[in-house]
Structure formats: C-alpha cells, structure tokens
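1. next come a sequence and a model predicted from it.
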2 protein chains.
Amino acid sequence: MRPRSDKRATIRDVAKVAGVSPITASRAMQNSGKVRPGTRQKVVEAARQLDYIPNLAAGTLATNASHLVAVILPNMSNSIFADTLQSISDSLRDSGYQLLVGYSDNSPELEESLVRTFLSRRADAIVLTGHMHSEQTNALLKSADIPIVEMWSVSQDPLGACVGISNFDAAYSMTDYLCRKGHRNIGFIGGLLENNDRTQSRLEGYRAALRDHGVPVDDQLTRDVPFEFEDGSLAMRELLAVGKKLDAVFAASDILALGALLECNRQNLQVPGDIAVAGFDDERLASLIKPSLTTIGVPRRAIGEKVASVVLSALQGEADNQRVFDMGFSLVERESA
Amino acid sequence: MRPRSDKRATIRDVAKVAGVSPITASRAMQNSGKVRPGTRQKVVEAARQLDYIPNLAAGTLATNASHLVAVILPNMSNSIFADTLQSISDSLRDSGYQLLVGYSDNSPELEESLVRTFLSRRADAIVLTGHMHSEQTNALLKSADIPIVEMWSVSQDPLGACVGISNFDAAYSMTDYLCRKGHRNIGFIGGLLENNDRTQSRLEGYRAALRDHGVPVDDQLTRDVPFEFEDGSLAMRELLAVGKKLDAVFAASDILALGALLECNRQNLQVPGDIAVAGFDDERLASLIKPSLTTIGVPRRAIGEKVASVVLSALQGEADNQRVFDMGFSLVERESA
DNA sequence: CTGCAAAATGATACCGGTACCATTTTTGCA
DNA sequence: TGCAAAAATGGTACCGGTATCATTTTGCAG
C-alpha cells in the first residue's frame, strides 16, 4: 500500500489515453458539452482504466462554482437541527451538491468566521440559522452575490430568502391557550436569549399574549437558562422558589420542559393538576413521557426541504420573487397542559 | 446590491496595493513564511482595504491540501451520530479544518459515491461509520493515501485507524446481565442488519451470551426492523404474538426499546415485572421515561474527540502506531431490566 | 566601513481543470 | 454529389493561489 508514489491521473492523462484533447475529455466526463457517443465512450474507458478522479478544486477555480452548500447551525444538541440538516442533505443529494457544515454555538463571532471561511471556499450558497448576525457578517453576505437563506425564523426583511416559522405567533398561541385554560400565573423558561432570535421572539409572543389577556407581565417569572435538561429543572426550582403563585410554565424547548416536569415530579406537584407545563419543538420524546407534553409542533423536515428547493432554484437562476416562506406550526395538545 | 459587477480582489491586487510581490503577500497572509512585520502590516492593511477573501480552491489546487475533513454518517435520526459529529467539529475547529458531511443511509452504493466525491474534493481525511464498505470503496480508500478513520465499531483490521466500541462485547454484557437476572426467554430487536456491522455484532454478542448460559438461540425471537420508534412497537407486538414465553427483550437501540416499552404498556404488561426491556445507546430520554431504561452507555463525545485527535495527529505526520482505539461502554442499570 | 551569512523578497512556473474562440469534421438537404 | 450549416474537436490562456529557486536586503562581526 505504502508506495503510492505514482501521482493521480489528470484529465490530460485521460485525454492522452483516449486519443483526444484535454478539453474534449473534460466535456466527455461531464455529459455537458456535445461529444460524440463514441468519443465519450473512449474517454470514459480511459478514465476507468486510469482510476481517474477529477480534481474538484481545479474545477471550482476554473468555473467559480464549488457545488458546495454551506450550512451554519447553532449546534446539534437539539434534534430539530439534526433533522433539518439531514433533510437539506437528502433534498440536495441528487443535484450533486455537498454540505459544508459549521456550528456557531450562538456566537456571532464564530458565525462570522464561518461565513468568511465558507466564502473562501466559494460555497455556492449559504444557509444560516436565524437572522441575528454581526454587522460584518451582514456585509459579507450582502456582497457575496450568492443565494443566502436564513432559516427557522421568518423575518420581514431577510438578507436573501427566509424559511421558517413565526416564533412569536407560536409562543403567542401557546400562551393564549394556557390563558384560555384559566391559567393566570404563567412562567416562562427561555434558553439563551442572547443572540437567539428564536427564543427572543418566543418571549415576546408570550408577553404579548399575557398583555392581551390583561395579565401583567412579571419578570420574576421569566428565566433565561441554557438549553439543557438540567437547566429546565433548575429554572423550575427557581420559579417555584420565588414564592408567587404559579399555575403554568411555558418552556421554549421540550428539553427544558422535560426538566421542568421532572422537577415538578420531585416536588410532588401534579401536572397538569397543580401546574401545567408546555414545551416547544415536539421532540420525539414529548409524546412518550408521562404526562405527555403539550407543545408546539414544527415542520422540521419541511423546512429543510424548502430550504433546499429555494437554494436550488436560486442556483438555477430562477428568480423567485417570493422571499419569505412561513411553514407554519401546530399546537399539539397533550396531557401536560 | 445587485450590481456586484466588480470582481473579487485577488492576492495580486493585494500585493499591488501593498507594493510587494504576490508571493510575499501570500506569505504575509498566512503567517508562515518569514516576512518582516512591517511588510506583513502593509499587506494586511491592503487586504482589509480591498475586502480580500482568499480563494481556497486555488490554495487547495496549489498545495494539494484542502483543509477539509469528510465525515460519512448513516443518518442523523439517531442522536448519537449528531453528538459525535458535533464533537468532531468542536475538536477540529481550532485547527482550521471544516467538515464535509454526507449521509450514506446504510447504503454501500451511496457511501461509495460519497467517498468518490470527497476524494474529488481532495479531502485531507475521511471518517466513516463502521467497517462495511463495498470492494470499490475499500480500494478507493486504500489508494487515497490520506488518513482514514472508521468509527463506532472497533475492528481487528481497520483500513486506517479505528475508534469505537465493541458492539459484540456490549451486547454480550447486556444479554449476560439479563440471563443473570434469571431471564431465559430473551428476544432481540435489531435494526437494519444489512450493511450495519454495529447491529450485526450486537446480534452476535446476544447469541454468544445465550449460548454461554446454555440457552438455545431461537430465531423466532429475533426481529430485524428499521430504527424507528414505531418499529420497536411493531416488533414487540410480533414477538409477543409468536406465542412463546418471553420474559425479556433486548433492543439494539433505545428508540426501539422505547417502542417496545410502549407496546408493553398497551398490552398491560408490567416492566420489568412481566417482561424486562433493555436498550442500547443511553439516549437522553432513557433516564426520563417511566420505567427508566436499562441500556448501554456509549461515550459518544469521547469518540468524536478521539476521531478528531487521530485525524489531526495523522495530518501532522505523527505516525501513531496504535490504530485501534476501544473507547469502552458501560452498562447503565435502571428500572426496566 | 567591509564582508558575509541569514533573512526577506521576487520571477517564473505550475497545480488541474475549463472558457473562449478557431478549426475541422459531420450532417442534412438541394 | 456538393455545399452550407451544425456539430465536434482542439489550441491557448486563464482561474488564483503557492513551490522553487534566484536575487536582493539586512544584520552584525571584524
């Protein structure tokens, strides 16, 4: 194995073996330029014989098209992002694009450095999560002149296109639902509000619904914690310790809601009898636990598919004048609230 | 925005503005070749002024190093792969490598086409899941002359390096555990045995443990289904319908185990009283449901970190003579078995 | 101030594809 | 069969970096 001293075959080698010019070999390899079937056959055979593997870096340099779609996600700890990523990948597969993936960890600085790198790689399109970016990032993206898609939150004025849901509306709906059920003392457990427009919009939706129901917003009933299970428990413990009445809690993610549920369990509070708990995301486990979790269902795969189709049509030059795609959510009523 | 007619600045433009030669500008930009601080300063300033974004495709072509690490996963539906991916990404971030991600869907053909593409992109290293590849894939990887890492299953003779756990041992341990608890009629719910060495090894481990305990292996008690929740329920229903005694079930993933648990619930079977249920993976929800799930804990993040460190040290030319890294597993005893 | 090794810089070519335009071959039809 | 148009093919240059090796500049001892 070791002595791989022989260098890899180039298109010129293939051309030589096939008895044609490099450019003809190139055309033959990519079914594009008109090439006589017999010629293509010779070239393909030569390529096979030489174990020819094209060098896409050279192709990218020559054509200025990388066939890469870059995707920036906050992280992978939430299964919604994993699902979205896979569904983008699935939808892109047949078109010959690959995914370049980066995690921003909700840090604008990291995001910016990812964008910079992706532009360096001449990604054909960039997909980001949310619309909170640094000034620099916005400038970079605007001047990049490639399709840009922001996903997961709809916004009025996206950089390019935008595919997601209205986090505000969803949170409003859930809070409204809780109010209609007669709850008045509703806590909110958010996750990492900073640099996270999804959580921020949810908080705003929650507040708006309270106001519309004539319920005063009490900041003591709002907790901002990381998106981990244990943090949900902790936040719940804190909310209960505030000493105010509390008859419902709305958590900005199912993971947090589960943590909250567990804490209720520890403190021998009945859910939903003593306290109602609602989540967000409709993770698989939401339907599996006891009590099952009332939550907001999000069309994660549909979002991924839409993102892919928007990217593809933009890359194919189809100027789509619709730029904002609201994929809708659903309020999934289960036992916990 | 539209009229982005002006082309992007090149290193030559930067050089011109800085009043140096292109090659000097190049050296200045990458802190590598010795460049006088003053010169570097001029170049950096010129680059800033021109919004210079280097073209990595050109760099890749010239240096034959892409700074890309390709990772092939079966899918993203299992959170273990998502976690591993993120942990590889995290560990690689500071070294300036990006992740190229592909999903094989457990199809050797898809995997092969991914490998081909990744080689085309001149990925600096390739990370695969498992060690079941097509002949062609093996040949491609062997002749590629870049670091290859197979993860999630240890194997005696990996293509390159190999980081994972012994699925056989883990399944053996769990089955052994069930036997010691007095169970004799133990079913096995596997997932997609074809082209999946992880599941296959688990089945073998299960069988070996049964044999060692003098329990005959009954193929009627083995189910091969997809890795989805509903399939776990379905398999459980089928196992119960076989009409034989059944006092325990070992599922090759927690998702399947949860499906099985739900089915027990539906049929009013007490777990673990009437029937014990064990899973594999230690997903987050395993500890959250009732009854909590006895399962196999896998060091997912440690695996990702090790993969990254193996890749990095190989890329830095540190010939590591250890090639197989068994990261170990743990048997997590909870309520369900 | 000179001389010389070390450091910094530069000229040129090359990585491996493909665009562009010119040239040759084939095709279709009078 | 001849000829114009269409199709196929090829020569050359270029994409934007960097390796190589030559050349110039710098630093410092004598």
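-> Good, I have the coordinates.
2. alpha carbons only for contacts and neighbour counts from here, please
-> Fine.
3. and the residue of the stretch 51-200 of chain A found nearest DNA strand D, how far from chain B?
-> Taking CA to the nearest atom of the strand as the measure, the stretch 51-200 of chain A has A:Ala62 as its residue closest to DNA strand D, at 3.7 Å. Distance, A:Ala62 to chain B, using CA to the nearest CA, to the nearest Å: 9 Å.
4. what's the separation between that residue and A:Leu56?
-> Using CA to CA, to the nearest Å, A:Ala62 is found at 10 Å from A:Leu56.
5. tell me which of these two has more neighbours.
-> A:Leu56 (21 against 12; other CA atoms under 10 Å in any protein chain shown).
6. tell me the contacts of that one?
-> A:66, B:120-122 (CA atoms under 8 Å, 6 or more residues apart in numbering or on different chains).
7. quick one: which of the residues you listed sit in helices?
-> B:Ser120 (DSSP state H).
8. please produce TSV containing the contacts of A:Leu56, extended by neighbour count, pLDDT and distance to DNA strand C.
-> Output for the contacts of A:Leu56, formatted as TSV (neighbours: other CA atoms under 10 Å in any protein chain shown; pLDDT from 0 to 100; distance: CA to the nearest atom of the strand, whole Å):
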residue	neighbour count	pLDDT	distance to DNA strand C
A:Ser66	22	96	11
B:Ser120	17	96	8
B:Arg121	27	96	10
B:Arg122	26	96	10
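9. could you dump the contacts of A:Leu56 to JSON lines with distance to B:Val17?
-> Formatted as JSON lines, the contacts of A:Leu56 follow (distance: CA to CA, whole Å):
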{"residue": "A:Ser66", "distance to B:Val17": "28"}
{"residue": "B:Ser120", "distance to B:Val17": "35"}
{"residue": "B:Arg121", "distance to B:Val17": "32"}
{"residue": "B:Arg122", "distance to B:Val17": "32"}
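10. and of the contacts of A:Leu56, the nearest to B:Asp219?
-> When the contacts of A:Leu56 are ranked by distance to B:Asp219 (CA to CA), B:Ser120 comes first, at 44.3 Å.
11. distance of that closest one from chain A?
-> 5 Å.
12. wait, that residue touches A:Asp51, no?
-> No - the criterion here is CA atoms under 8 Å, and B:Ser120 misses it with A:Asp51 at 11.8 Å.
13. can you narrow the contacts of A:Leu56 to ones near DNA strand D?
-> Among the contacts of A:Leu56, no residue is within reach of DNA strand D (CA under 7 Å from any atom of the strand).
14. quick check: next helix or strand after the helix or strand harbouring the residue of the stretch 51-200 of chain A closest to DNA strand D?
-> A:Ala62 belongs to helix A:56-63 when assigned by DSSP states H and E. Using DSSP H and E, the next helix or strand after helix A:56-63 towards the C-terminus is strand A:68-73.
15. surely A:Gln270 is within a strand?
-> No - assessed with DSSP: H, G, I helix; E, B strand; the rest coil, A:Gln270 is coil; it does not lie in a strand.
16. excluding its backbone neighbours, what's nearest it?
-> A:Cys264 (7.1 Å; CA to CA, 6 or more residues apart in numbering or on different chains).
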